[in-house]
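K.L.:
Sequence plus predicted model, see below.
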Amino acid sequence: MRFLRVVPGSALLAVMTVLAGLTAPALADDTPPPFDVWLDGVRQEAREKGIAEETIQVALTGIEPVRRVVQRDRNQSEFKLTYQIYHDRLLTPTNIRVGRGKLAKHEALLAEIEAEYGVQPRFILAIWGMETRYGAVKPTMAVVPAVATLAYDRRRSSYFRRELFQALLMIDKGYITHPQMLGSWAGAMGQPQFMPSSYMAYARDHDGDGRRDIWTNEADVFASIANYLARHGWHNDQTWGREVTIPKDAAFRAAIPEPRTGSGCRAINSMSGAAPLSTWQQMGVRRADGTDLPSRDLPASLVEPDGTTGKAFLVYRNYHSILRYNCAHLYGLAVSQLADAIGRR
């Protein structure tokens, strides 16, 4: 089935412009080509990138756009739910209990990985728990058709086209076979739910068996998550932040540092600028229980996931690293608070 987006009236507008004697630039035709024509272009580009013909034929033969992939892309829960609903769905007693059990079971392995990458075990486990319920959720979607669908779709086509070629490269290099390459509706793979480009850049072979196995090998799963966070600026001597209470007056609002834009992550762009904890303390911000903020003068930013009428959080640099895993405040806060719950004995 082909997804075609027609731009109505563009031809009529061009005729009217000419008839009116006006000079106007030509309007770009935003209607995509038929999927099979588009896919021929992908095959040719793959050849130019050095992907073997056998890989191209195996991976790109007989695929069609998957409508439910586009539907899921338009309805991601991280952008639709309130903080409390998202929190209550994911920070369940079961998820916390299982996470604590995994912490005890893998204590030695996680300590080894913490020593190598500088990431606390509770955060590794929280991401693992959020992504695939500690490996219990199994992949069902073929990655190549899913990513090809999103590459063909106009909303984020450039990003997913790059991911499609990374997926083909993974198959071509023998990291995984095409039938085994199963993932989420968006192409995220394995227990840590890495996109193909993330696998290529951050996946690790921790046990030294010659494979970066994020599908079945928990040592590689943990090391890959830790490496991802470490490579995105994680600091092992800090936590993520905390819930706070804030003044409700206009003077406080006027004093909040302006957001810094240009990070490439809209969640990061939407939080306030950073200020030392001592500054927030002087502005009247306190911990959720009303006590003073920590005395360590870390830079912190204000996050209000539901706007000015909802809960408020001060977050540190490590929270930015979590958002690089999934750029949504509901996700970042849920991971952070699950990590706190797992680590709380």
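P.N.:
Structure's in. What do you need?
K.L.:
So which residues lie in contact with the one helix or strand residue 323 maps to, not counting its own?
P.N.:
Under the criterion of DSSP states H and E, residue 323 resides in helix 317-325. Helix 317-325 has contacts (CB atoms under 8 Å, 6 or more residues apart in numbering) with 123, 127, 228-229, 232-235, 238-241, 265, 267-268, 298-299, 301, 303, 329, 331-332, 335-336. Where C-beta positions appear, they are placed from N, C-alpha and C, glycine not excepted.
K.L.:
pretty sure residue 45 is touching residue 164, no?
P.N.:
No. Checked against CB atoms under 8 Å, the pair residue 45 and residue 164 is beyond contact range at 9.6 Å.
K.L.:
For these two, work out which one has more neighbours and name it.
P.N.:
residue 164 (27 against 14; other CB atoms under 10 Å).
K.L.:
Can you list the neighbours in contact with the helix or strand harbouring the more buried one?
P.N.:
Assigning secondary structure by DSSP H and E places residue 164 in helix 157-172. Identification of contacts with helix 157-172 by CB under 8 Å, 6+ apart yields 42, 45-46, 49, 51-52, 55-56, 58-60, 143-144, 147-148, 150-151, 153, 176-178, 181, 187, 195-197, 199-200.
K.L.:
Could you tell me which of the residues you listed count as buried?
P.N.:
Buried members of the contacts of helix 157-172, counted by 16 or more other CB atoms under 10 Å: 42, 46, 51, 55-56, 58-60, 143-144, 147-148, 150-151, 153, 176, 178, 181, 187, 195-197, 199-200.
K.L.:
Show only the entries of those found in helices.
P.N.:
Counting by DSSP state H, the buried ones among the contacts of helix 157-172 place 42, 46, 55-56, 58-60, 143-144, 147-148, 150-151, 196-197, 199-200 in helices.
K.L.:
Residue ranges of each domain in this protein, please.
P.N.:
35-237+329-345, 241-315 (automatic domain parsing).
K.L.:
Let's have the ones you listed in a markdown table, adding distance to residue 322 and mean pLDDT.
P.N.:
Putting those into a markdown table (distance: least, CB to CB, whole Å; pLDDT from 0 to 100) gives the following:
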| stretch | distance to residue 322 | mean pLDDT |
| --- | --- | --- |
| domain 35-237+329-345 | 5 | 95 |
| domain 241-315 | 9 | 96 |
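K.L.:
now, of those domains, which is deepest in the fold?
P.N.:
domain 35-237+329-345 (a mean of 18; mean count of other CB atoms under 10 Å).
K.L.:
And it, how far out from the chain middle?
P.N.:
Taking CA atoms, centre = their mean, to the nearest Å, one finds the center of domain 35-237+329-345 at 9 Å from the center of the full chain.
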